[in-house]
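# Predicted model and sequence follow; I will ask about them next.
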Amino acid sequence: MSTKHKKMLCRILASALIFGIATVLDGTQIIKNEYLYIILLFAAYFTVGWDILWRAVINIFHGKIFDENFLMSIATVGAIFIGEYSEAVFVMIFYQVGELFQSIAVGKSRRSIASLMQLRPDSAVVERSGSTVTVDPSQVNVGEIIVVRPGEKIPLDGVIVQGSSYINTVALTGESMPSDAKEGDDVLSGCINMSALIHVKVTKSFGESTVSKILELVENSTANKAKSENFITRFARVYTPVVVICALLLAVIPPLFLGVADAQVWRSWVYRAMSFLVVSCPCALVISVPMTFFSGIGGMSKRGILVKGSNYIETLSKCDTAVLDKTGTLTTGQIVVTKVYCENGYKTDDIIQLANICESASTHPIAAAIRNYAASADNTRAQTIEELAGYGVHAVVDGTDVYVGNAKLMDKIGVSYKACTDVGSLVYIARANEYMGCIVLSDVIKSDSKRAIDSLKECGIHRIVMLTGDNDAVASNVAAQLGIDEYYSQLLPSDKVTKTETLIQNKTGGSLAFVGDGINDAPVLARADIGIAMGGLGSDAAIEAADVVLMDDNPLKIALAVKSARRIVSIVKQNIIFVLAVKLTILVLVALGAAGMWAAVFADVGVAVLAILNAMRAIRIRQKL
Amino acid sequence: MKKVYRLDEIDCANCAAKLENAISKISGVKFAGINFFAQKLTVEIDDDRFDDVMAEVVKTVKRQQPGCKVIL
């Protein structure tokens, strides 16, 4: 509680105490003094409500008549005029209790969301002219060397120049498995250095670094408002004037018919009109909807799911078609050796070693994969290496000709080989005109992809489509393994856009989400109803192009995002329906004379409190599916 | 040009909504959005008139919400 809140609480308690004393004095008839009672009630009224009255007066000069301070003042002053002193005091006290609670709740939710985003580093230790100085991260220049001690947050993006350590990315990705980083590895701001001192050369200024990008994204997310949010602000804009006009009519019209001359009739209807004004404040409605979205966005960001706006939460919740890019989304996007076939008595090790030597100079991804698979190469064994573009490599190793390449190469050199039928990239190898065997390389499916597809189906996403630039054999193989029935292969990036557009035209009601790795599918991400980029960590392009960014590359997060969005939207709906229903019920009861001002203010404040508590539930997003 | 400012002492969501509406109506303001929870005001204003229009924005905030301040 801030000092402001404490002051308010003291005023409320003081006022309640005076009110209590007055009521007791009046009830027990110890002192039969009407004037003392009224003076005490006025004291209580002004103690708790002077600021509201003051603001109401100021607002009249600004021409704001539908301001809630003004309405509360009218309602309570009106009550005083018709002699309902205690009601006026009670309403004012309760209204202030409600405002106080709201203010505390908002402060609390602001803080809990801020603590989710405890990413922002406070300082950076930078090496300057031989010694280290602690400065604000924004004052560190690109190219300077910063020192990060174990347990500290990495303040800026950079590359490790000295030391190696475990890095915890939980604040960015929601993934608590630390990864190890050594000299030459990139590290991102916002991660925590776990085990050892590292020296990092800064590659991006603070404003451009990952942590700033993420914070900016989440903080600005509510600029993109959801439909339900706009609905509620528009509704609030008409709700208050309508209720006020109804109150006016209620005060004037029924007495005209029921007895213009009867003061008692007038009193009764004016009282009902004043009670109407008590319910006219739309704050509960206006606060609960954006608060739910904001809590939800905060909660999702803790799980490594960044959503760029409340409107995307709404669209995501309606998702019934998922279009997934294969490479980098369902598969790791990195080619690895998956199988080695040996012929003519050669062993796997011989084949790999030889292939490794031949490919040692090449920059082709296949060569890199083979090099990664074989631990180390003895490069002294190769006398010459020449690349045969479109075929492979020819090398002389230990004085013998070795050919490593595709089937065309084998045909060219006239070696009889056994054509392999595996799906993937095939590398044949022959030595001294003798066929040795074949290495199969492919892009491996991520371990969670199957479960990710299953859980998407579980969420009621009935159409799952896979798009890929790869050939049909690879595509059908991956689709079959993952249980995807619809796929399109051999697509150029522009074909992916056209295909997605066709799918959007043919969809049935719900929205279409496209999931890609954000590297070369930015146009598709932009074209889909909702573009989800995976593995956004450190990729500016992905963060720029997508509506939703999954910080790590775990495909399970897709379904988690959809489920969380649905939960948030359902909380929003609960709040809208609940608040409207309660407000309408009170209005009807008040008009019928079945509820007084007490009940009205009680229900009004109560509903605001409940809506806020319900909104705060949205911050809790499940860790796993 | 789009700029984000901090708003101090913005207490009620409805006030924020009203303020947002009022700022949007200022001539020269292309877009105005208030994030009540993050206490941020985002405005988009033409570059050549930025300072004049922004001064008008600050005035509007002061008039609409006397307790609220734009931290420039």
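Received, thanks.

# In the stretch 351-500 of chain A, what residue lies closest to chain B?
residue A:497 (27.5 Å; CB to the nearest CB). C-betas here are computed from N, CA, C, even on glycine.

# Am I right that that residue is in contact with residue A:524?
Yes: in this structure, residue A:497 is within contact of residue A:524 by CB atoms under 8 Å, at 5.4 Å.

# Looking at strand pairing, list the partners for residue A:319.
Per DSSP bridges, the residues bridged to residue A:319 are residue A:511.

# which residues does it contact?
Counting by CB atoms under 8 Å, 6 or more residues apart in numbering or on different chains, residue A:319 touches A:461, A:510, A:511, A:512, A:513, A:529, A:530, A:562, A:565.

# got CSV for the residues you listed, with neighbour count and pLDDT too?
As requested, the contacts of residue A:319 are exported to CSV (neighbours: other CB atoms under 10 Å in any protein chain shown; pLDDT from 0 to 100):
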residue, neighbour count, pLDDT
A:461, 19, 90
A:510, 17, 87
A:511, 18, 91
A:512, 25, 92
A:513, 27, 93
A:529, 19, 91
A:530, 28, 93
A:562, 25, 93
A:565, 24, 94
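
# List the contacts of stretch B:35-43.
The contact list for stretch B:35-43, computed with CB under 8 Å, 6+ apart, reads A:106, A:109-110, A:113, A:219-223, A:287, A:290-291, A:294, B:2-8, B:10, B:13, B:16-17, B:23, B:29, B:31-34, B:54, B:57, B:61, B:70.

# ok so, going back, tell me the one of the contacts of residue A:319 nearest chain B?
residue A:565 (18.2 Å).

# That closest one: helix or strand, and which one exactly?
In this assignment (DSSP states H and E), residue A:565 forms part of helix A:556-592.

# can you tell if that helix touches chain B?
No: Helix A:556-592 stays clear of chain B (CB under 8 Å from any CB of the partner chain), getting no nearer than 12.5 Å.

# Walk me through the domains of chain A.
Each domain of chain A is listed here as a residue range: A:124-219, A:305-329+A:446-566, A:333-445, per automatic domain parsing.

# SS state for the residue lying farthest from the centre of chain B?
Residue farthest from the centre of chain B, counting by CA atoms, centre = their mean, is residue B:48 at 18.3 Å. Here residue B:48 is recorded as helix under DSSP: H, G, I helix; E, B strand; the rest coil.

# go on, the one 5 residues further on?
Judged by three-state DSSP, the three-state class of residue B:53 is helix.

# and the residue lying closest to it once chain neighbours are set aside, what is it in contact with?
Excluding the flanking residues, the one nearest residue B:53 by CB to CB, 6 or more residues apart in numbering or on different chains is residue B:28, at 3.8 Å. Counting by CB under 8 Å, 6+ apart, residue B:28 touches B:45, B:46, B:49, B:52, B:53, B:56.

# Go ahead and confirm the fifth one touches residue B:30.
No: with the criterion set as CB under 8 Å, residue B:53 and residue B:30 do not qualify as a contacting pair; they are 9.6 Å apart.

# Could you check which of these two has the larger neighbour count?
Just comparing residue B:53 and residue B:30: by other CB atoms under 10 Å in any protein chain shown the higher neighbour count belongs to residue B:53, 18 against 12.

# from the middle of its chain, how far away would stretch A:613-625 be?
Put simply, stretch A:613-625 sits 12 Å off its chain's centre (CA atoms, centre = their mean, to the nearest Å).

# How about that stretch, which residues are buried there?
A:614, A:615, A:616, A:618, A:619, A:621 (16 or more other CB atoms under 10 Å in any protein chain shown).

# I'd like the list of those that fall within helices, please.
A:614, A:615, A:616 (DSSP state H).

# Residue 15 is in what secondary structure piece?
No chain in the question, so chain A it is. Under the assignment here (DSSP H and E), residue A:15 is part of helix A:3-28.

# switch to chain B, that's the one I care about
If you go by DSSP H and E, residue B:15 is part of helix B:13-24.

# Just checking: what are the partner strands of the next helix or strand after that helix?
Heading C-terminal from helix B:13-24, the first helix or strand you meet, by DSSP H and E, is strand B:29-35. Taking DSSP bridges as the criterion, strand B:29-35 sits next to strand B:40-45 (antiparallel) in its sheet.

# show me what contacts residue B:27?
Residue B:27 makes contact with residue B:53, according to CB under 8 Å, 6+ apart.

# With residue A:526 instead?
Applying CB under 8 Å, 6+ apart, the residues near residue A:526 are residue A:545.

# model confidence over the helix or strand containing it, on average?
Remark: residue A:526 resides in helix A:522-527, with elements defined by DSSP H and E. Mean pLDDT, computed over helix A:522-527, is 84.

# roughly how far is that helix from the heart of the chain?
Distance, centroid of helix A:522-527 to centroid of chain: 19 Å (CA atoms, centre = their mean).

# next one: stretch A:193-209
The answer for stretch A:193-209 is 25 Å, by CA atoms, centre = their mean.

# With stretch A:74-88 instead?
Going by CA atoms, centre = their mean, where stretch A:74-88 is centred and where its chain is centred differ by 47 Å.

# Need the CA coordinates for that stretch. PDB is fine.
Provided in PDB are the C-alpha atoms of stretch A:74-88 (Å, rounded to 0.1, in the frame of the first residue of the first chain):
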ATOM      1  CA  ILE A  74     -25.100  14.700  -7.200                       C
ATOM      2  CA  ALA A  75     -26.400  11.400  -5.900                       C
ATOM      3  CA  THR A  76     -25.200  12.000  -2.300                       C
ATOM      4  CA  VAL A  77     -26.100  15.700  -2.200                       C
ATOM      5  CA  GLY A  78     -29.500  14.800  -3.500                       C
ATOM      6  CA  ALA A  79     -29.900  12.200  -0.800                       C
ATOM      7  CA  ILE A  80     -29.000  14.800   1.800                       C
ATOM      8  CA  PHE A  81     -31.600  17.100   0.400                       C
ATOM      9  CA  ILE A  82     -34.400  14.600   0.800                       C
ATOM     10  CA  GLY A  83     -33.200  13.900   4.300                       C
ATOM     11  CA  GLU A  84     -31.400  10.600   3.800                       C
ATOM     12  CA  TYR A  85     -28.300  11.700   5.600                       C
ATOM     13  CA  SER A  86     -27.000   8.300   6.700                       C
ATOM     14  CA  GLU A  87     -27.500   6.900   3.200                       C
ATOM     15  CA  ALA A  88     -25.400   9.700   1.700                       C
END
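
# Can you give me the buried ones in it?
Here stretch A:74-88 shows A:74, A:75, A:76, A:78, A:79, A:80, A:82, A:84, A:85, A:86, A:87, A:88 as buried, counting by 16+ other CB under 10 Å.

# and what of stretch A:328-340?
For stretch A:328-340, by 16+ other CB under 10 Å, it's A:328, A:329, A:330, A:331, A:332, A:333, A:335, A:337, A:338, A:340.

# With stretch A:12-26 instead?
A:12, A:15, A:16, A:18, A:19, A:22, A:23, A:25, A:26.

# Need the contact partners of it.
A:31, A:36-37, A:40-41, A:43-45, A:47-48, A:86, A:89-90, A:92-93, A:96-97, A:100.

# looking at chain A, which helix or strand is least sure?
Sorting the helices and strands of chain A by mean pLDDT, DSSP states H and E puts helix A:540-545 at the bottom, at a mean of 72.

# State the next helix or strand along the chain beyond that one.
On the C-terminal side of helix A:540-545, the closest following helix or strand by DSSP H and E is strand A:548-550.

# Which residues does that next one contact?
Contacts for strand A:548-550 (CB under 8 Å, 6+ apart): A:217, A:304-308, A:312, A:316, A:518, A:530-536, A:542-543, A:557-558, A:561.

# pLDDT wise, what is residue 23 at?
If you meant another chain, say so; for now it's chain A. With respect to pLDDT, residue A:23 has a value of 82.

# look at chain B instead
Predicted confidence (pLDDT) for residue B:23: 90.

# So it sits against residue B:32, correct?
Yes: counting by CB under 8 Å, residue B:32 is a contact partner of residue B:23 at 4.0 Å.

# Give the residues shared as contacts by these two.
Joint contacts of residue B:23 and residue B:32 (CB under 8 Å, 6+ apart) are B:41, B:43, B:57.
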